[in-house]
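Peer 1: Provide a 3D model corresponding to the input given below.
(2 chains)
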Amino acid sequence: MSSIGKSDQAVPFADLTDTAASAEPYRIPPIPFMRKARPYLILAPALLLTIGILIPFFISIYYSLTNYSFKYKDYSFVGLHNWVKMLTDPSFWHSLWVTAQYAVFSTGFEMLLGIGIALILNQDGWLARALRMVLIFPLMIAPVIATLIWQLMTNNSVGVIAYALRSIGIDNFIWGADPKTAMFSVVLIDVWVNTPFVIILVLAGLRSLPKAPFESAMVDGGSAWFTFKTLTLPMIKPLLLIALLFRSMVSLQEFSIIFALTRGGPGDTLMSLPLTAYNEAFTFKELGTALPYMLILWVIIYIMSYYLIRYWSRAQKNASGN
Amino acid sequence: MGHKNPWNQALKNAALALYALFALFPLFWMLLISFKHDREMFNTIFVFHPTLDNYRVLFSSGEYIGYFLNNVYVSVGAVLLSLVVGVPAAYALARFDFKGKENLAFTFLSFRFAPEMLIILPLFLIYQKIGLYDTPFGLIWVYQLISLPFIIWILRGYFEDISPEIEHAGRVDGYSWWRVFLKINMPLIRPGMVAAALLSFIFVWNNFTFALLLAGQDVVTSTVASLKYISSDTVHYGQMAAAVTISALPEVILALLIQKHLVRGLSMGAVKG
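Peer 2: Here you go, the predicted model:
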């Protein structure tokens, strides 16, 4: 038991190959080099496949320093010109602001709504049990398709929501077409699609909580809010951070919902960083000026995820009560 | 928590019902009007004569079937390729201890969160140069950035759950390393593998940005094609609804099939639900 129990992780089966070799002398013991190389060899196909895709990433840093355009064959090195141009362009700061707003609003609503619904769903009624199964459906729908569904529902001539609004006297609500409600409309669709993600993660956390601390809190007569604040929240904090991490990283780069609903409009109301980069590259055919927008978004996402992951691993240690 | 306040309970149920309405009604309504004839679209809300005309028209043109099959082809292809390279990779990351292991694992995870547009811009250029633009394989390849992280990270967790001692026992019985992998490990992780494959299928199937910008004329997927219905300003709302329903239905069914593994899958193995 002892020799197997503390099996040498670096060389799996090392203890076995030895015994096997002594029991069956004709078996050739594995060559040490191969043993060391084995994990890398097993990983190689997956690595090659993805590195092929990642080379463009490094190329993109280079191209961001050139005036590469899809319109012309030749291009030349222009140094930091594209970067300076972007940083001094007020529309860049507008894009950054739109991106931040979209991410904060959608992630924020999804977290609050998701936690709330998960807390209610964490009980044993027939309704809760049935809903746990079907509430994930919107998450499985492609965001573009979701946008299409909401467009149909709010369509002035056939939409059921438009009809409902008309019947209570609101007939000039134009959703994405109005600069005032455009952000609300795209965030609404994002919330519709992604709230179930937060719900099922939080629910999984709630259902795995140990019973004992909650029972003793009840015996001591702690209020529901007190129990939630001092017991539930710290215990599911690692889970909340995972949900927050995933949601914020994806919502920062959301393209399809905004593109499908308004293409960044009306005007430049919803011109987030991905939409601006898309416009520069595919409308104006300027690859060199498009790339800095995405590179800076990548840096933002990277820094944010780095700190969130660090915070998460600390919270996980605390929650497991070291 | 303990003291049951009837008002409190009623309030909770009301909130739940409200959210359920918000989440499910759009799907129900979409399904409903996909059976509604265009004649009745403008003057009825819920009561109408159901018809299959919208589906009939959609399938008779053959165009939509083409988009649908394109999506099946590239999505299945992408997931299969991910399984072939991802299962061994997940095993290596779970079982062996080697230099740079966590960095490698994190690299795979980071693909999932790289801004799609950042990958597309240079790839658009390169794909056109090497002839992968607008080809099924071009899409299958770039989809690895979506499906591979799922497969590797979810299966890594499942492999870690298998005690090394089971493998040791297999080896003692004289199985080769490969036989142990195929005969002992694979059956044990099969449920997880199916779940990971289906989940990554859903996300590949749903992908819009890659399919829109790295393919365009020859390989139009049904997800991208759905946008045509918006921009063409068509009045065939019923067909639009039918197309949406057909595109969304497989995913909803798949989601029900892998319910037990969903939490683990969606959190890439970070939460062992």
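Peer 1: make it CA atoms for all contacts and neighbour counts henceforth
Peer 2: Fine.
Peer 1: low-confidence stretches in chain A?
Peer 2: Chain A contains residues with pLDDT under 70 at A:1-32, A:34, A:53, A:321-322.
Peer 1: quick one: the strands in it, in order.
Peer 2: For chain A, strands defined by DSSP state E do not occur.
Peer 1: break it down into its domains, please.
Peer 2: If you go by automatic domain parsing, the domain ranges for chain A are A:2-63, A:83-319.
Peer 1: possible to save those domains as JSON lines with mean neighbour count and distance to chain B?
Peer 2: JSON lines is the format used below for the domains of chain A (neighbours: other C-alpha atoms under 10 Å in any protein chain shown; distance: least, C-alpha to the nearest C-alpha, whole Å):
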{"stretch": "domain A:2-63", "mean neighbour count": "15", "distance to chain B": "5"}
{"stretch": "domain A:83-319", "mean neighbour count": "19", "distance to chain B": "4"}
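Peer 1: out of those, which comes closest to B:Tyr175?
Peer 2: domain A:2-63 (11.1 Å; C-alpha to C-alpha).
Peer 1: how about the helices in chain B?
Peer 2: B:6-33, B:38-41, B:53-60, B:63-95, B:101-111, B:116-130, B:136-161, B:164-172, B:177-179, B:186-206, B:209-214, B:222-231, B:237-257, B:262-266 (DSSP state H).
Peer 1: for A:Pro292, give me its contacts.
Peer 2: A:64, A:82-83, A:86 (C-alpha atoms under 8 Å, 6 or more residues apart in numbering or on different chains).
Peer 1: which residues of the stretch 151-273 of chain B score low on pLDDT?
Peer 2: B:229-235, B:273.
Peer 1: residue in it with the shortest distance to chain A?
Peer 2: Proximity of the stretch 151-273 of chain B to chain A (C-alpha to the nearest C-alpha) peaks at B:Asn206, 4.4 Å away.
Peer 1: got the contact list for the closest residue to that residue other than its chain neighbours?
Peer 2: Distances taken as C-alpha to C-alpha, 6 or more residues apart in numbering or on different chains put A:Ala142 closest to B:Asn206, at 4.4 Å, once the chain neighbours are dropped. Going by C-alpha under 8 Å, 6+ apart, A:Ala142 touches B:203, B:205-208, B:223, B:248.
Peer 1: rerun that using 10 Å as the cut-off
Peer 2: A:148, A:193, A:256-257, B:202-208, B:223, B:244, B:247-248, B:251 (C-alpha atoms under 10 Å, 6 or more residues apart in numbering or on different chains).
Peer 1: who wins for neighbours among those residues?
Peer 2: Greatest neighbour count in the contacts of A:Ala142, by other C-alpha atoms under 10 Å in any protein chain shown, goes to B:Trp205: 29 neighbours.
Peer 1: can you give me the pLDDT of the residue lying closest to it once chain neighbours are set aside?
Peer 2: Closest residue to B:Trp205 apart from its sequence neighbours, by C-alpha to C-alpha, 6+ apart: B:Ser75 at 5.7 Å. You'll see B:Ser75 listed with a pLDDT of 94.
Peer 1: kindly report the same for the one 4 residues further on.
Peer 2: The pLDDT attached to B:Val79 in the predicted structure is 95.
Peer 1: can you give me the distance of it to A:Ala46?
Peer 2: Using C-alpha to C-alpha, to the nearest Å, B:Val79 is found at 13 Å from A:Ala46.
Peer 1: identify the contacts common to the two.
Peer 2: Joint contacts of B:Val79 and A:Ala46 (C-alpha under 10 Å, 6+ apart) are B:86, B:144, B:148.
Peer 1: tell me how many other residues crowd the second one.
Peer 2: Per other C-alpha under 10 Å, the neighbour tally for B:Gln144 reads 26.
Peer 1: show the contacting residues for it.
Peer 2: A:46, A:49-50, A:53, B:77-79, B:81-82, B:86, B:111-112, B:150-151, B:200, B:204.
Peer 1: how much space between the residue nearest to B:Trp205 and B:Thr223?
Peer 2: 11 Å.
Peer 1: quick one: contacts for B:Leu118?
Peer 2: By C-alpha under 10 Å, 6+ apart, the neighbours of B:Leu118 are A:56-57, A:60, A:253, A:274, A:277-278, A:290-298.
Peer 1: ok, now with 8 Å
Peer 2: By C-alpha under 8 Å, 6+ apart, the contact list for B:Leu118 reads A:57, A:60, A:291, A:294-295, A:298.
Peer 1: ok, so of the residues you listed, who is nearest A:Asn155?
Peer 2: Nearest to A:Asn155 among the contacts of B:Leu118: A:Met294, at 33.2 Å, using C-alpha to C-alpha.
Peer 1: would you agree that closest one is in contact with B:Met117?
Peer 2: Yes. Under the criterion of C-alpha atoms under 8 Å, A:Met294 is in contact with B:Met117, at a separation of 6.9 Å.
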